[in-house]
Each structure stands twice: as structure tokens, then as C-alpha cells.
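> okay, sequence plus prediction incoming.
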Amino acid sequence: MKATQKDFKAQAPRAAKEARVFFFCGPDEAGAHDAAHHVLSLLPDPGERVEFSGADIKRDPVRLSDEARSSSLFGDSRHIWIRATGDEAHDALENLVADDTPGWPVLVVASGATDKSRTAKLLAGRGDALVAMFYPPDLRSVTGAVRDMADAAGVTLSGDLAERIAKAAALDTRLAQSEVTKLALYLDASPQAPRKADADALEAIGARTEDDGFMSLVNVVLGGEVAKLSGELKRMHELGLNPVGLLLAFERRATQLAQLAARMGPRGNVRQFIEAESSAKRVFWKDSRDLIQQLTAWRGRKLARLVDRLIELHRQLLANSQNAELLLAQGLAEIARAAAPRT
């Protein structure tokens with residue numbers, strides 16, 4: 001079976017009943033991720049998740065077949081979730097479908113792959129597999145998706161507010177879903193007790209720019225808040241955020257810190273300087289506390305080393321995309337420890 005974002009929703013119920021392997025690909029990584037979760041919601045009993053990276057099963061292609069046909073300790077159902085790059089999963093999936101023995105559902109989200117890739121061609125003609133290809137969405141479609149998310153959460157959104165969330169999430173539906181969830185919690189909304197959202201509620205919780213979905217992690221790392229780091233890294237993993245896109249948010253903040261440091265001078269008072277910049281509306285007032293903390297931690301040669309480290313980390317992610325999330329997590333932990341106050 002084969003689908004695109006135009007007919008995916010119509011095909012998904014049938015695929016969830018008949019297929020055992022699902023391959024989600026295309027340049028819209030967020031759309032592929034959402035589609036995988038949609039199929040998961042349609043499975044009668046998805047059970048426990050067993051998760052692999054593409055690199056895991058590329059190193060050991062037989063491992064997927066073994067896991068797909070194994071039983072859990074307590075006999076419960078399970079599904080297998082794979083986050084791959086390109087054709088990393090090809091050999092493992094080839095082994096899996098060569099054997100008709102029933103197994104647990106396997107869902108593969110493959111960034112950098114298309115419906116013309118070897119893996120897609122392996123699966124597309126099979127009745128027990130689904131290949132779904134997703135292209136980057138436009139503002140209108142993401143705005144509609146945001147309103148659907150809000151309706152499901154019990155939040156009533158105007159078209160303008162839904163569009164603001166879509167723009168703030170840079171058309172990434174994973175980040176948009178995170179904002180809608182926060183909005184529902186803030187309003188104490190639920191499908192049984194809907195609440196109407198307004199601009200004030202969105203301002204209180206919401207992302208204002210595409211970086212804001214990343215900024216809690218950026219602020220924890222550059223502020224040296226080591227105790228909060230594991231929770232933020234877990235959120236990064238659960239949302240399936242692109243490591244390179246996330247690192248770009250760090251690079252933009254480091255550039256901002258360098259510009260602020262240059263204007264302030266080596267002997268300036270950080271707090272007084274940032275407060276003056278905020279009063280002059282050259283920095284957003286909500287960012288003031290974080291900027292004070294970060295500019296205090298990163299000054300002079302230390303700030304220059306931070307910029308160099310981010311550039312080097314960016315190079316490493318591009319050179320080793322298979323392990324990009326792990327490399328990023330290790331690099332961010334190192335930076336957070338460097339920013340932490342000395343005790």
C-alpha cells in the first residue's frame with residue numbers, strides 16, 4: 001500500500017487493520033511523525049513500545065525480526081518504533097518481510113528517505129505494508145491541523161490564534177501540538193469541559209517565534225541548569241525534534257549573546273545592561289531573566305569558546321546523522337556543565 005498526505009487519513013484505518021509494517025518518509029519530518037502516531041492510535045492494542053534507532057538495526061539486521069516475533073515477559077502486546085535516516089532500516093525490514101510468521105507492528109519514521117528509496121520500493125507493493133510520503137505543509141493546512149488539535153483537547157481557537165501557533169511552530173506540527181497541550185493545561189480545558197482561548201492565554205504560555213519550541217532547552221543548557229537537563233532532553237526525544245534544527249536555535253542565541261556582550265563591553269554590569277536593553281525594546285522583556293543568567297555565565301573568551309563548540313558540534317551532526325541525537329545530547333550536557341555556577 002502507498003499513501004501521501006492527501007489520502008493518508010482515508011487509507012490509515014484499513015492499513016492499521018491489514019498491515020504489519022509502516023514506513024513514513026518524505027521531507028516533512030513532522031508530518032511523518034504525526035502520521036505514525038495516528039496509525040498507532042488506530043491499532044486495536046498497541047501495547048508496550050520497543051524503540052530502536054536506524055543505526056541499531058543497520059548494525060544487526062536480524063535483531064528486528066527477532067524482536068518483532070518475541071513475547072514480552074508478561075505476555076502483553078507491543079509495537080516496535082524505529083527512527084531511521086534514509087535506508088538504514090532496509091536490510092532489517094527485508095529480513096522481516098521475508099518471513100510470513102505473524103509479528104508485532106513495526107512503525108518506521110525515516111528522515112531523508114522518499115517513496116523512491118530502496119526501503120519504500122521494498123514495501124510499497126505489499127498488502128501487509130504501508131509506505132506514506134509527506135511533503136512540507138503550507139500555513140493553511142497547519143492552521144487547520146492546529147484547530148483540530150485544539151478541538152480534541154477541548155480548546156476553542158479562532159482562526160487567527162491557530163495561525164499564530166502554526167507560525168510560531170515554524171509549521172512543525174509536533175511543536176504546535178506541544179503548544180496546544182500547554183494551552184489546554186493553562187485553561188484547564190478538556191473535551192468534556194471546553195474552554196475558549198484568547199490572545200492573553202496564548203501570550204502566557206505560547207511560542208512567539210519558531211525558536212520558542214526549543215527555548216526551554218536552550219535556556220536550561222546555556223543557563224547551566226544541570227538538574228533540569230534530563231527532563232528537557234527527554235522532551236526533545238519524545239517530540240522527535242530534528243537535532244540540527246535544534247542546534248540552530250542554540251547558534252542563534254549564542255550570536256545574540258555575542259552581540260549583546262560587544263555592546264555592553266568587558267566591564268559592563270550585566271543586569272543593568274539587559275534591563276536597559278529591555279526598556280529600549282531591543283530585547284523582549286520575557287527573555288531578560290534568561291539573558292542576564294546566560295550573559296553572566298558566558299563572557300569574553302568563554303563565550304568565544306561556546307561559539308566554536310557549537311560550530312564543531314554542528315559539523316559532527318552533519319557528518320554522523322545516524323547518531324545525531326546522541327551526539328547532540330552529549331554536547332549539550334557538556335555545555336550545561338560548563339555554564340553551571342561553580343560551588
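Everything's here; your move.
> per-domain residue ranges of this structure.
As assigned by automatic domain parsing, the chain contains the domains 2-133, 139-205, 212-339.
> next, format those as JSON lines and append mean pLDDT and mean neighbour count.
For the C-beta atoms, the positions are set from N, CA and C on the backbone; glycine is no exception. JSON lines is the format used below for the domains of the chain (pLDDT from 0 to 100; neighbours: other CB atoms under 10 Å):
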{"stretch": "domain 2-133", "mean pLDDT": "89", "mean neighbour count": "18"}
{"stretch": "domain 139-205", "mean pLDDT": "87", "mean neighbour count": "18"}
{"stretch": "domain 212-339", "mean pLDDT": "87", "mean neighbour count": "17"}
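> next up, phi/psi of the closest residue to Asn323 other than its chain neighbours, please.
Of all residues not flanking Asn323 in the chain, Ala55 sits nearest, at 6.1 Å (CB to CB, 6 or more residues apart in numbering). Here is the backbone geometry of Ala55 (degrees, to the nearest 10): phi -60, psi -40.
> kindly report the same for the one 10 residues further on.
The phi/psi pair for Ser65 (degrees, to the nearest 10) reads phi -60, psi -40.
> distance of Thr173 from Lys234?
In this view, Thr173 and Lys234 are 20 Å apart by CB to CB, to the nearest Å.
> so for this protein, the centremost residue is which one?
Leu241 (2.2 Å; CA atoms, centre = their mean).
> so that one versus Asp172, what's the distance?
8 Å.
> go on, Met236?
13 Å.
> downstream neighbour of the lengthiest strand in the chain in the secondary structure list?
Longest strand in the chain, counting residues (DSSP state E): strand 78-85. Remark: after strand 78-85, the chain's next helix or strand is helix 90-98, criterion DSSP states H and E.
> and the angle for the helix or strand following that following helix with strand 78-85?
Using DSSP H and E, the helix or strand that follows helix 90-98 in sequence is strand 106-111. Interaxial angle of strand 106-111 relative to strand 78-85 (axes from the mean of the first three to the mean of the last three CA atoms, to 10 degrees): 20 degrees.
> now the top helix by length along the chain: how far from the chain's centre is it?
Ranked by number of residues, the top helix in the chain under DSSP state H is helix 243-264. Centre-to-centre, helix 243-264 and its host chain are 20 Å apart (CA atoms, centre = their mean, to the nearest Å).
> in terms of secondary structure, what does that helix contact?
Identification of packing neighbours for helix 243-264 by 3 or more CB pairs under 8 Å, 6 or more residues apart in numbering; DSSP states H and E yields helix 212-222, helix 270-279, helix 288-297, helix 300-319, helix 324-339.
> at 7 Å what do you get?
helix 212-222, helix 288-297, helix 300-319, helix 324-339 (3 or more CB pairs under 7 Å, 6 or more residues apart in numbering; DSSP states H and E).
> dump these to TSV, plus distance to Ala68.
Shown next, in TSV, are the helices and strands packed on helix 243-264 (distance: least, CB to CB, whole Å):
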stretch	distance to Ala68
helix 212-222	33
helix 288-297	45
helix 300-319	30
helix 324-339	23
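> so for Ala258, which of these sits nearest?
With CB to CB as the criterion, Ala258 lies closest to helix 300-319 of those, at 6.1 Å.
> can you pull out the helices in the stretch 101-250 of the chain?
Using DSSP state H, counting those that start in this stretch, the helices of the stretch 101-250 of the chain run over 118-124, 139-153, 159-168, 173-187, 199-205, 212-222, 226-239, 243-264.
> mind putting those helices into CSV with distance to Val39?
As requested, these are arranged in CSV below (distance: least, CB to CB, whole Å):
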stretch, distance to Val39
helix 118-124, 14
helix 139-153, 16
helix 159-168, 23
helix 173-187, 15
helix 199-205, 29
helix 212-222, 24
helix 226-239, 17
helix 243-264, 24
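> name the SS class of the residue lying farthest from the centre of the chain, please.
Taking CA atoms, centre = their mean as the measure, the residue most remote from the mean C-alpha position of the chain is Arg267, 39.3 Å away. Local secondary structure at Arg267 is given as coil here, using DSSP: H, G, I helix; E, B strand; the rest coil.
> of all the helices of the stretch 101-250 of the chain, which one is nearest Gly47?
Per CB to CB, nearest to Gly47 of the helices of the stretch 101-250 of the chain: helix 226-239, 18.0 Å.
> from the contact counts, what lies against that closest one?
When contacts are defined as 3+ CB pairs under 7 Å, 6+ apart, helix 226-239 sits against helix 212-222, helix 324-339.
> quick one: which of the ones you listed is nearest Ala15?
Closest approach to Ala15 among the helices and strands packed on helix 226-239 (CB to CB): helix 324-339, 27.5 Å.
> for Val307, which non-adjacent residue is spatially closest?
Nearest to Val307 is Ala254, by CB to CB, 6+ apart, at 5.3 Å.
> I'd say Ser53 and Arg83 touch.
Yes - counting by CB atoms under 7 Å, Ser53 touches Arg83, with 5.8 Å between them.
> kind regards, and thank you for your time.
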